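Novice: Coordinates for the following, if possible.
(chains A and B, ligands or ions: 3)
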Amino acid sequence: MNEGRCIKCGSCMQACPVLNDPRGSDFPGPRTVGIDAPRFSERLSMGKVSFKCTMCHACEWACPSSITITRSMIRLRGEMVTSMPSLPGHQRMRENIRRMGRTVDNDFRSWKENGEKALYFPGCIGLGKLPDMVSSVSRLLDSLGIAHDISSQVKCCGSPLLKIGADQEAEGLRQSNMKVFSRYDRIITSCPGCTYQLREVYGIKAEHLVEILPEGRFSSAVEGRWALQVPCHLKRGVSPWTADDMMSVLERAGVDLVRLPEEDRCCGGGGGMLSGFPDTSDSIAVSKADVYRKADVRGVITACPFCCLNLRKAGSNVLDISEAIIANR
Amino acid sequence: MSRNAVVVGMGASGLFSSYLLAKKGWKVTVVGRGTPASAMSTGCIKGQIVNDGCIEEILKMARSNGMPMTGPGTGATNLGTRFDCTLLPVHSMFSDRMPNSITVLGIGGHPSLRPRLTASMLSGWAPKVDAMTADVEISPEMTLAATFRDEALSDRLVEVMKDAAGESILLPPMFTLHDYMRMGELERRCGRRLMEAVTPLGIPGQRFLEMLLSSAVSSGAVVWSGRKVTSIRTNGDRAVQVEVKGGLDSRRLDMDALLLATGGPLVDGTLLSTEGISDPFNTFQTINCPGIGGGYAHIGQRLRDRSGHEMKNAFGAGDCLCSERRSFGNGLATALDDAWMTVQAMEAL
Ligand SMILES: Cc1cc2nc3c(=O)[nH]c(=O)nc-3n(C[C@H](O)[C@H](O)[C@H](O)COP(=O)(O)OP(=O)(O)OC[C@H]3O[C@@H](n4cnc5c(N)ncnc54)[C@H](O)[C@@H]3O)c2cc1C
Ligand code: SF4
Ligand code: SF4
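Specialist: Ligands and ions are numbered 1, 2, ... in the order given. Predicted coordinates for the structure are as follows:
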């Protein structure tokens, strides 16, 4: 691919949130896993620490040579899973998907299956862990006049499976989901990871909620000063303009935002880290929560279920953007 | 005339010119992706800056960002070699007050400064040079800036430094721009003069870039980071529109003036192939010189189109320009000076 363009500048290593965390320093780092190791026949013996990456794309953003480092790392992961036992957390996630089509269990009961033209695709974490967030996204869509279904038929988008090298299972999910999608004109998501997967891998024009919001008029549903957690896959995956929109929507709604240099640093929750390396994931989240605590804000606004979940666990008061604004009639 | 400028490249030349243009009332959008060479540099300006106005602007900017610069002078690198600069941050300046004794302090086993090696290279700079290691457990991959956010560690460092034999202490770079003032604070607390080793590929270059970026932002430039200009549309002798790609999205941007500050022949800058240096946008003339001296052909700071005609509103600055003045590692002065001169030329439009 394009790994040969590496100039060994180390910019990727300095940008990596895992390497910069005390619990993550045994991760060999993006240059080693993505560029150097794949050149050697011993590459498969690096062991499971080479999976210790949140897929935040900070390394790719930093790389002066535009190397698609995460893609290289995922390819190596794909090779490695055939030669070593999965991490226990990753095994559990795969079994869940096999059993019920989603990464986590859910007792979600607010399905909407009225044959509308638009489909709201909340994703596994939303359905399983953040039903309130799913309801508030759904309410916001209603108040924007976007009638939509929430289908019980859709499965995991497959992104987590690709991250742990299970390509064939991910392809099965894609085929199954595409059958459901074919009934709709518009697919709306609230998870940047899903959005990215649906666009990049499925090749369909899925929209993240944030991309719809600039059309509407809102007021703030919160008081006091709030900081941002800019989701990695929104800014460095979907597009940096979408991340800019997230801020301008909140600003126009009148939310008092405090901008912090760390706002676009990964929360530690992506790339299968929550299930694979919960300790490291937690440690990264705790140091982010610390940044927010020192900034003396009421809480943090984000637009990603993983960020919500992981930063809440670390003690931050986190709202999804759908919970921070109200549509004006 | 409306004054919309698009600046391509977020290295020293792109950000400095964005800062100056925005101050002069231009509506500036600066587009860039990837770590620029400017951020890999030592953040100490090598080479000659011809324009006094340019030096003044840099000094003003450095002061207002809490990282005063001075010069000309000499710093000591992390390998203990001399580094002569036109301008450098105050704590990197060695030559104004040569100390009688220096202690080189390493932080744990961190590779950013290896005290014994550096001390042996430095012997001769002062009558007495010795090496010392602060006993701090730290991963070699972690940046020291990430570690020294911790107050308790700073306290411990002060205790260690109070025991140093030297009247001056040479340290690896540990502080981001936001924390640079803490060098002075540590200095007061331990009662020694603290000097930062001039170090490439790390904190000092990033700090220098951060200073340029925050100056550009606060003067009103719109920053499109993480985005790449993929094509340029021209109309006769004018560049009129750029196409920008970011993530899975792309947008077009109209402009009254274009400034290329795309850097040397790294992957995203000018193209380096077996035929030599060429323009990735297929729009402007390039010149091949021996070494890395090649780049965009220009008259003053104005670019030429592929057939050699002078463009009315397209300019260049920094490493992307063909220049006889430039040799490797001599770049920041030229990049900043170029930016300054380009802004003068654009003001005359
Ligand atoms: C390791 C190293 C150490 C150095 N040390 C020193 C030093 O100590 N002192 C010194 O004075 N000089 C030093 N130099 C040289 C100096 O850094 C450069 O000469 C100078 O920074 C060039 O600045 P620039 O703005 O022209 O280009 P750059 O800083 O390279 O910036 C250009 C930017 O534009 C981006 N870009 C290119 N094309 C596009 C596009 N189409 N769309 C969007 N973005 C694009 C590039 O990715 C890059 O980020 C060093 C260089 C290196 C590599
Ligand atoms: S994607 Fe993020 S976590 Fe993974 S190697 Fe790159 S910077 Fe580190
Ligand atoms: S940032 Fe890119 S070029 Fe630099 S070491 Fe990493 S992969 Fe190589």
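
Novice: where in the stretch 51-200 of chain A is pLDDT low?
Specialist: Regions of the stretch 51-200 of chain A meeting the criterion pLDDT under 70 are absent.

Novice: again, but for chain B
Specialist: Ranges of chain B meeting pLDDT under 70: B:1, B:149, B:266-267, B:290-293, B:325-330.

Novice: what does it put close to chain A?
Specialist: Taking CB under 8 Å from any CB of the partner chain as the criterion, chain B approaches chain A at residues B:33-37, B:39-40, B:139, B:141-143, B:146, B:178, B:201-202, B:206, B:224-228, B:246-249, B:251, B:266-268. All C-beta atoms are positioned from the backbone trio N, CA, C, and that covers glycine.

Novice: if you look at those, which of them are in helices?
Specialist: B:Ala37, B:Ala39, B:Met40, B:Ala146, B:Gln206 (DSSP state H).

Novice: Spell out which helix or strand contains B:Glu232, please.
Specialist: Heads up, residue B:232 is Ile, not Glu. strand B:228-235 (DSSP states H and E).

Novice: Let me see the contact set for the residue in chain B positioned nearest to ligand 2.
Specialist: Distances between chain B and ligand 2 by CB to the nearest ligand atom are smallest at B:Glu141, namely 10.8 Å. Shown in contact with B:Glu141 (CB atoms under 8 Å, 6 or more residues apart in numbering or on different chains): A:Met13, A:Leu19, A:Ser25, A:Gly29.

Novice: how many other residues sit next to whatever residue of chain B ends up closest to ligand 1?
Specialist: Residue nearest to ligand 1 within chain B: B:Gly331 (1.5 Å; CB to the nearest ligand atom). When counting by other CB atoms under 10 Å in any protein chain shown, one arrives at 26 neighbours for B:Gly331.

Novice: Excluding covalently adjacent residues, which one is nearest to it?
Specialist: What sits nearest to B:Gly331 in space, not counting adjacent residues and going by CB to CB, 6 or more residues apart in numbering or on different chains, is B:Asp319, at 5.7 Å.

Novice: Can you tell me how far the one you found is from chain A?
Specialist: To chain A, B:Asp319 is 12 Å away according to CB to the nearest CB, to the nearest Å.

Novice: now do B:Thr70
Specialist: Taking CB to the nearest CB, one finds B:Thr70 at 26 Å from chain A.

Novice: Got the phi and psi for that residue?
Specialist: The phi/psi pair for B:Thr70 (degrees, to the nearest 10) reads phi -150, psi 170.

Novice: wait, is A:Val19 part of a strand?
Specialist: Actually, residue A:19 is Leu. It isn't Val. No. Per DSSP: H, G, I helix; E, B strand; the rest coil, A:Leu19 lies outside any strand segment and is coil.

Novice: re the thing from before, can you list the strands that the strand holding B:Ile232 pairs with?
Specialist: strand B:238-246 (antiparallel) (DSSP bridges).

Novice: returning to that earlier point: apply the buried test to the residues of chain B next to chain A and list what passes.
Specialist: B:33-37, B:39-40, B:139, B:141-143, B:146, B:201-202, B:206, B:224, B:226-228, B:246-247, B:266-268 (16 or more other CB atoms under 10 Å in any protein chain shown).

Novice: need the helices for the stretch 151-300 of chain A, in chain order.
Specialist: Using DSSP state H, counting those that start in this stretch, the helices of the stretch 151-300 of chain A run over residues A:159-163, A:167-181, A:192-200, A:209-212, A:232, A:240-253, A:273-276, A:278-294.

Novice: Deepest-packed of the ones you listed, please.
Specialist: When those are scored by mean count of other CB atoms under 10 Å in any protein chain shown, the highest mean neighbour count falls to helix A:232 (a mean of 29).

Novice: Just confirm A:Leu319 contacts A:Gly224, I think it does.
Specialist: No. Applying CB atoms under 8 Å as the test, A:Leu319 and A:Gly224 come out as separate, 11.9 Å apart.

Novice: Which one's more surrounded, these two?
Specialist: A:Leu319 (23 against 10).

Novice: which bits of the stretch 51-200 of chain A sit near ligand 2?
Specialist: A:Cys53, A:Thr54, A:Met55, A:Cys56, A:His57, A:Ala58, A:Cys59, A:Thr70 (CB under 6 Å from any ligand atom).

Novice: Go ahead and produce CSV holding the CA coordinates of stretch A:157-164.
Specialist: Output in CSV follows, covering the C-alpha atoms of stretch A:157-164 (Å, rounded to 0.1, in the frame of the first residue of the first chain):
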residue,chain,number,x,y,z
CYS,A,157,-22.9,-2.2,11.4
GLY,A,158,-19.8,-4.5,11.5
SER,A,159,-17.3,-1.9,12.3
PRO,A,160,-16.1,-3.6,15.6
LEU,A,161,-15.7,-6.9,13.7
LEU,A,162,-13.4,-5.2,11.1
LYS,A,163,-11.3,-3.7,13.9
ILE,A,164,-10.7,-7.2,15.4
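
Novice: From the chain's centroid, how far away is it?
Specialist: 11 Å (CA atoms, centre = their mean, to the nearest Å).

Novice: same check, this time on stretch B:261-269
Specialist: When C-alpha coordinates are averaged (CA atoms, centre = their mean), stretch B:261-269 and its chain have centres 14 Å apart.

Novice: Ends of that stretch, what's the gap?
Specialist: With CA to CA, to the nearest Å as the measure, stretch B:261-269 spans 9 Å from end to end.

Novice: and it, is it in reach of ligand 1?
Specialist: Yes. Judged by CB under 6 Å from any ligand atom, stretch B:261-269 and ligand 1 are in contact via B:Ala261, B:Thr262, B:Gly263, B:Asp268, B:Gly269.
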